[in-house]
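> give me the fold of what follows.
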Amino acid sequence: MGYPADLSHHADQKSDRGAEATTRVASKAPVRVCMHGLWSGRVNVRLMREAEALVAAGYQVTVVDIERDTSRPREETIENIHFKHVFMPSRFVKSRVKLWFLMKIASAVARGMLAVVRTPADIYHAGDDMALPASYIAAVLRHKKLIFDAYEVPLVQKTLTQRPLLSKLARWTLRRMMPRCDGIITVSAPIVDEIQRRYGGPRAVLVRNILPYTAPVTSNRLRERLGIGPDIRIAIYQGGFEASRRLDLLVHAARYLSPQAHIVLLGWGECQQELEALIEQEGVGDRVTILPPVPYDALLSWTASADLGLIIYDGNYSPNVQFMLPNKLFEYLMAGVPVLASPLEATEELIQRYGVGVITPSIEPADIGQTISTVLSDEAALKRMRQNALSASAQELRWEVEQERLLLLYQNLLESSKLKSKRSPSFSPSGDPAPTAASSSASGARGSSHFPVKDTI
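Just a heads-up that it's a prediction; the model follows:
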């Protein structure tokens, strides 16, 4: 089995992309942005990073979200972002009465739509497809700009495709909303193409789920927690325990691991009980350990204590799995942890480009287990891939670079509109001096500290 090449040709490149995107324009009043999402914005890592980047660039950001914690005020400010909450208590989310649950969901969506329409803004920003109708209606009624942030390929979820009439209606509606969007952003290059093919509209801008730069850390937290010595190598999966993750593949693969390899599943989710039962059934409790999630601001110190990061999904599960570029990939790399992934289009391309990991020949348990053991036994390859991961994260794969794509899109929208009556490269949308690259980077570095664990595919 071959390993990816060195990253030396990347390490010599200094990233200056997006320098033009930091050019701002003058305004007597801040440009107002209304971001809308159908779950709590304060735990939506992507939305918060985008909102903080916009605030740092001088935009005035309001987030209209669906909040389950009814003890919070109806309106509040977090990190200079104004929140308007539409409450849907968690007891409704957990309801076993489907009709009652659907009625509450419909009520929350309707109230969210009303809150968005009532929020004056110059740009409406929809976080995911379920939030698009409200933002679309507000933008049309107020004759304002509209941005659609597609977290994945819209409307391909099995829960929807299993209902043909509803699925057809949803796709028909989306195809008619997309041309009205002034900008679309999404998380991986294959999804850019797939959205264009399925729904039309302007071609999406790639803004990946990359975290702010964090200096490398040295940690032994996993070994201390497991009570194992340095001779045992650890392969980690971190994130949600959901059906689309196919974590059962890792449990079945455990019987093929070498005695010096151990798998850690760090997280929680709907499949946890099934995974625990499968571990017992397979008799691999000495090779697979489930650990509870940790606070997001402590996550990288746990990640860094592993030797290999796992992204073993079944690409046939759905287009969104095949085209995914998950948060955990960039978390592994930021922590300097090489990656073992199954053949997933965008993930494989990035791993090979930067030389930061290995692709399994298949998702058969024997192949997975044997590949984990082989990679973990090759000290020289692990060292090379670790250095490549740290170099890529320091230079390119960090939010301080990635956010410039978002800011450039917004800048282009402003320049194409009549929002600005006067232009100056030395002023921001708020009328204040434009933030420097250093100040934008500092803001991005602060942005992740308050996020709870939330993994997206």
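> tell me the domain ranges of this protein?
19-211+399-445, 221-395 (automatic domain parsing).
> and the ones you listed, which one's lowest on average pLDDT?
The minimum mean pLDDT among those belongs to domain 19-211+399-445 (a mean of 84).
> ok so, going back, dump the domains of the chain into JSON lines; add mean neighbour count as well.
Where C-beta positions appear, they are placed from N, C-alpha and C, glycine not excepted. Output for those, formatted as JSON lines (neighbours: other Cβ atoms under 10 Å):
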{"stretch": "domain 19-211+399-445", "mean neighbour count": "18"}
{"stretch": "domain 221-395", "mean neighbour count": "19"}
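> now do the strands in the protein.
32-36, 60-67, 75-78, 81-87, 123-127, 145-150, 183-186, 205-206, 233-240, 261-268, 288-291, 308-311, 339-341, 357-359 (DSSP state E).
> turn these into CSV, columns for distance to S393.
As requested, the strands of the chain are exported to CSV (distance: least, Cβ to Cβ, whole Å):
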stretch, distance to S393
strand 32-36, 27
strand 60-67, 27
strand 75-78, 27
strand 81-87, 26
strand 123-127, 25
strand 145-150, 23
strand 183-186, 22
strand 205-206, 18
strand 233-240, 16
strand 261-268, 20
strand 288-291, 24
strand 308-311, 13
strand 339-341, 12
strand 357-359, 13
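> among those strands, which comes closest to L226?
L226 lies closest, by Cβ to Cβ, to one member of the strands of the chain: strand 288-291, at 6.1 Å.
> so which elements touch that closest one?
On a contact count with 3 or more Cβ pairs under 8 Å, 6 or more residues apart in numbering; DSSP states H and E, strand 288-291 meets strand 261-268, helix 272-282.
> so which of these is nearest I236?
strand 261-268 (4.7 Å).
> tell me the strands beside that closest one, with direction?
Paired neighbours of strand 261-268 in the sheet (DSSP bridges): strand 233-240 (parallel), strand 288-291 (parallel).
> and the contacts of that strand?
222, 226, 228, 232-241, 247, 250, 253-254, 257, 275, 287-294, 302, 306, 310, 372-373, 376, 453, 455 (Cβ atoms under 8 Å, 6 or more residues apart in numbering).
> mind listing what the closest residue to Y199 other than its chain neighbours touches?
Nearest residue to Y199, sequence neighbours excluded (Cβ to Cβ, 6 or more residues apart in numbering): M178, at 4.7 Å. Residues near M178 by Cβ under 8 Å, 6+ apart: F148, I184, Y199, G200, G201.
> same thing but at 10 Å, please
132, 136, 148, 150, 154, 184, 195-196, 198-202 (Cβ atoms under 10 Å, 6 or more residues apart in numbering).
> still on that earlier bit, format the strands paired with strand 261-268 as a markdown table; extra columns: distance to S342.
Shown next, in a markdown table, are these (distance: least, Cβ to Cβ, whole Å):
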| stretch | distance to S342 |
| --- | --- |
| strand 233-240 | 12 |
| strand 288-291 | 18 |
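> looking at these, which is nearest to V116?
strand 233-240 (27.6 Å).
> for the closest one, what is the distance to the chain centroid?
Distance of strand 233-240 from the chain centroid (Cα atoms, centre = their mean, to the nearest Å) equals 17 Å.
> ditto for stretch 55-66
18 Å.
> from A131, how far out is L226?
Distance, L226 to A131, using Cβ to Cβ, to the nearest Å: 41 Å.
> ok, longest helix in this structure?
Longest helix of the chain, by residue count under DSSP state H: helix 98-117.
> helices or strands next to that helix in the packing?
strand 32-36, strand 60-67, strand 81-87, helix 90-93, strand 123-127, helix 132-142 (3 or more Cβ pairs under 10 Å, 6 or more residues apart in numbering; DSSP states H and E).
> could you give the angle of the fifth one to strand 32-36?
Going back to what we said before, that points to strand 123-127. Here strand 123-127 runs at an angle of 20 degrees relative to strand 32-36 (axes from the mean of the first three to the mean of the last three Cα atoms, to 10 degrees).
> strand 123-127 to helix 98-117, inter-axis angle?
Using the same axes, to 10 degrees: strand 123-127 against helix 98-117 is 160 degrees.
> chain center to strand 123-127, what's the gap?
With Cα atoms, centre = their mean, you get 17 Å for strand 123-127.
> from here on, call the first residue 39.
Renumbered: residue one is now 39, and that last one reads strand 161-165.
> given it, what are its sheet partners and their directions?
With DSSP bridges as the test, strand 161-165 pairs up with strand 70-74 (parallel), strand 183-188 (parallel).
> would you list those in a markdown table and tack on distance to A164?
A markdown table is the format used below for the strands paired with strand 161-165 (distance: least, Cβ to Cβ, whole Å):
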| stretch | distance to A164 |
| --- | --- |
| strand 70-74 | 6 |
| strand 183-188 | 5 |
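> to K421, which of these lies closest?
strand 183-188 (37.7 Å).
> give me every residue that touches T398.
39, 287, 291, 348-350, 378-381, 405-410, 413.
> the same query, at a cut-off of 6 Å, please.
S380, D405, I406, T409 (Cβ atoms under 6 Å, 6 or more residues apart in numbering).
> quick check: I161 vs V69, distance?
Counting by Cβ to Cβ - I161 and V69 are separated by 7 Å.
> what touches both of those two?
With Cβ under 6 Å, 6+ apart as the test, I161 and V69 reach no residue in common.
> and the longest helix of the chain with strand 119-125, angle?
150 degrees.
> on that earlier part again, closest one to R443 among the helices and strands packed on helix 136-155?
Comparing the helices and strands packed on helix 136-155 by Cβ to Cβ, strand 161-165 comes nearest, at 14.4 Å.
> contacts for that closest one next, please.
Contacts of strand 161-165 (Cβ under 6 Å, 6+ apart): 71-75, 85, 170, 173, 176-177, 183-187.
> so which of the residues you listed is the closest to T252?
L85 (20.1 Å).
> isn't that closest one up against G79?
Yes. Here L85 lies in contact with G79, judged by Cβ atoms under 6 Å, at a distance of 5.3 Å.
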